[in-house]
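Enquirer: need a 3D model of the sequence below.
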Amino acid sequence: MKMRGWLCVALALAIAGFAGACQTYDFTGNAADDDSSPADDDASPADDDATAIPPVLGPIAAVVPGAGLPPEVAFQHSNNNLDVVDHNGVIFLAWRTAPTHFASTETKIYIVSSADQVAWNYEAEIAEGSDLREPRLLSWNGRLFLYFGVLGKNPFAFNPEGMMVAEYKGPANWTEPQLFYQPGFIPWRTKVVDGKPYMTAYVGGGNAYSLNSQPMYVHWLTTADGVNWTPVVPGQPVVLTGGNAETDFVFLDDGSLVAVADNEEGDAGGFGTKICKADAASLGDWRCVNDPKLYDSPLLFRHNEGIYLIGRRNLNDDGDFDLGYGNLPLAEQRIVYDLAYWLERKRCSLWQIDPDTLLVSWVLDLPSRGDTCYPGVLYPSADEYTVYDYTSPLDGPDVFWLEGQLNPTQIIRQTMTFQAGTN
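Expert: The predicted model follows:
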């Protein structure tokens with residue numbers, strides 16, 4: 001999950017009068033100086049915007065903090081970037097913990113495992129003396145890998161250094177992390193489709209928040225050994241160029257694909273998100289339309305014929321990230337849009353994508369508020385999807401995004417169940 005640059009943070013703090021307004025939370029999710037919870041959000045898109053029958057949401061389970069964690073886990077205030085996978089019938093969870101959402105030398109990644117998702121066993125603790133983000137678990141060919149990005153130490157900068165990988169060798173036994181691929185990359189999604197492993201990763205984030213930033217590049221990769229990654233389309237690693245970073249994709253039944261890439265940095269097509277499609281005969285040719293909304297931290301999955309996206313929802317008037325100031329230079333648009341986005345409330349939401357028109361429709365909001373939305377999903381049955389996500393305390397105030405990033409966040413679990421036969 002990308003962080004804004006020092007200029008936007010400083011301006012946001014000044015505009016919001018934030019320094020004197022921060023709230024302090026305990027780990028029960030209660031605000032120390034405000035025990036009131038806001039009314040249910042009334043800013044949801046109109047019901048007729050949805051194209052799917054919404055799934056039924058099950059009970060919420062607290063994971064981090066949670067009673068089932070092993071004593072070796074010393075979680076901090078901010079618990080966010082996460083991934084979860086079923087490996088040979090055992091659930092593995094990895095997440096980032098740090099003093100705040102922002103870069104810190106105290107950042108750690110923990111890995112735990114569980115047979116029942118209630119009692120968790122300690123697996124590993126990773127600390128590199130700098131910020132760590134985007135943990136990604138890949139269970140493939142009987143092996144389990146953890147990938148993550150290594151960043152800098154400055155909380156007001158985004159300095160990607162490269163990607164590291166560690167392999168599971170047995171209970172609480174992982175190889176030492178090693179660098180792989182190319183310097184400066186950040187991993188986004190890993191998955192296995194029909195036995196073949198895939199990864200999306202991006203580079204260019206080091207320039208992303210300067211006034212003269214350069215284009216970013218999304219690479220689409222595969223591997224034969226879990227460590228050395230090469231282009232899915234031989235000789236063509238780059239599938240997107242411009243303001244794109246976090247990218248996920250799904251294949252359709254005819255072998256084509258649909259992809260979603262955040263376009264937070266903007267380009268000639270605007271700001272927000274690129275919704276893309278590629279034909280089976282030319283999978284490296286991603287043709288995209290720009291959506292003015294920013295579906296941060298995108299995760300895509302198929303349910304029957306439906307294509308679903310879990311990503312962040314902005315609670316301004318129309319939900320758009322691109323506010324239409326196309327008359328301004330690109331760098332000035334970034335600042336305006338970033339400031340507005342940081343000072344709005346957020347939700348983590350389920351959306352549906354039409355594979356023909358590439359239009360995105362809101363389906364429902366998951367329990368979430370403040371600093372939220374970095375989903376991981378398990379697939380226990382044909383109609384069930386167990387979603388792991390992070391959020392500011394659900395029984396605390398409905399704070400705007402930046403305030404949530406400086407206060408505690410927690411990881412929760414919830415199952416979505418679709419009605420049998422629905423798309």
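Enquirer: and the longest helix anywhere in the chain, how far out from the chain's middle?
Expert: Using DSSP state H, we find that the single longest helix of the chain is helix 330-342. Relative to the centre of its chain, helix 330-342 is centred 20 Å away, using CA atoms, centre = their mean, to the nearest Å.
Enquirer: just the helices in the protein please.
Expert: All helices of the chain, identified by DSSP H, fall at 6-16, 330-342, 401-405.
Enquirer: ok, back up a step: pLDDT of the longest helix of the chain, averaged?
Expert: For helix 330-342, the mean pLDDT works out to 95.
Enquirer: all strands for the stretch 51-200 of the chain, in order.
Expert: 56-57, 61-64, 78-87, 90-98, 108-114, 121-126, 132-140, 143-150, 162-170, 173-174, 178-180, 186-193, 196-203 (DSSP state E, counting those that start in this stretch).
Enquirer: take the ones you listed and write them to CSV, including mean neighbour count.
Expert: C-beta coordinates here come from the backbone N, C-alpha and C atoms, glycine included. Formatted as CSV, the strands of the stretch 51-200 of the chain follow (neighbours: other CB atoms under 10 Å):
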stretch, mean neighbour count
strand 56-57, 14
strand 61-64, 21
strand 78-87, 22
strand 90-98, 23
strand 108-114, 22
strand 121-126, 18
strand 132-140, 23
strand 143-150, 23
strand 162-170, 18
strand 173-174, 14
strand 178-180, 14
strand 186-193, 21
strand 196-203, 22
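Enquirer: now render those strands as CSV, adding distance to A278.
Expert: Formatted as CSV, these follow (distance: least, CB to CB, whole Å):
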stretch, distance to A278
strand 56-57, 33
strand 61-64, 36
strand 78-87, 25
strand 90-98, 30
strand 108-114, 32
strand 121-126, 34
strand 132-140, 22
strand 143-150, 24
strand 162-170, 24
strand 173-174, 35
strand 178-180, 26
strand 186-193, 14
strand 196-203, 13
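Enquirer: looking at these, which is closest to Q419?
Expert: Of all the strands of the stretch 51-200 of the chain, it is strand 56-57 that lies closest to Q419, at 7.8 Å by CB to CB.
Enquirer: quickly list what K346 is bridged to.
Expert: N314 (DSSP bridges).
Enquirer: next: I91.
Expert: D86, S114.
Enquirer: list the contacts for it?
Expert: V84, V85, S113, S114, A115, Q117, L378 (CB atoms under 8 Å, 6 or more residues apart in numbering).
Enquirer: between those, which is closest to A61?
Expert: Closest to A61 out of the contacts of I91 is Q117 (7.6 Å), distances taken as CB to CB.
Enquirer: contact partners for the residue nearest the centre of the chain?
Expert: Centroid-nearest residue in the chain: S297, 2.8 Å away (criterion: CA atoms, centre = their mean). S297 makes contacts with M1, E246, I310, G311, R312, C373, Y374, P375, as judged by CB under 8 Å, 6+ apart.
Enquirer: the last one contacts Y385, correct?
Expert: No: at 9.8 Å, P375 and Y385 do not qualify as touching, with contact defined as CB atoms under 8 Å.
Enquirer: comparing these two, which shows the higher neighbour count?
Expert: P375 (25 against 21; other CB atoms under 10 Å).
Enquirer: sorry, back to before: neighbour-wise, which one of the contacts of S297 leads?
Expert: Busiest of the contacts of S297 [other CB under 10 Å] is Y374, holding 28 neighbours.
Enquirer: and that residue, how far from T175?
Expert: 25 Å (CB to CB, to the nearest Å).
Enquirer: R136 and A420: what is the separation?
Expert: In terms of CB to CB, R136 sits 31 Å off from A420.
Enquirer: swap in G149?
Expert: Distance from G149 to A420, by CB to CB: 39 Å.
Enquirer: try F301
Expert: 17 Å.
Enquirer: pick out whichever of the two has more residues nearby.
Expert: Set F301 next to A420 and count neighbours by other CB under 10 Å: F301 wins out with 16 against 8.
Enquirer: correct me if wrong: that one contacts G376.
Expert: No: F301 lies out of contact with G376 (CB under 8 Å); the separation is 11.1 Å.
Enquirer: and the contacts of S297, which two are furthest apart?
Expert: M1 and I310 (13.7 Å).
Enquirer: show the low-confidence segments of this structure, by residue range.
Expert: 1-44, 46-52, 205-213 (pLDDT under 70).
Enquirer: now stretch 154-174: how far from the chain's centre is it?
Expert: 16 Å.
Enquirer: start to end distance for that stretch?
Expert: 28 Å (CA to CA, to the nearest Å).
Enquirer: ok, the residue nearest to L315 when sequence neighbours are not counted - contacts?
Expert: Leaving aside its sequence neighbours, L315 sits nearest to R345 (CB to CB, 6 or more residues apart in numbering; 4.3 Å). Counting by CB under 8 Å, 6+ apart, R345 touches D41, L315, R369, G370, D398, V399, F400, W401.
Enquirer: just P177 next, same as before
Expert: I126, E128, L146, F148, M164, V165, A166.
Enquirer: ok, of these, which one's closest to G226?
Expert: Among these, and counting by CB to CB, the member closest to G226 is V165, at 7.3 Å.
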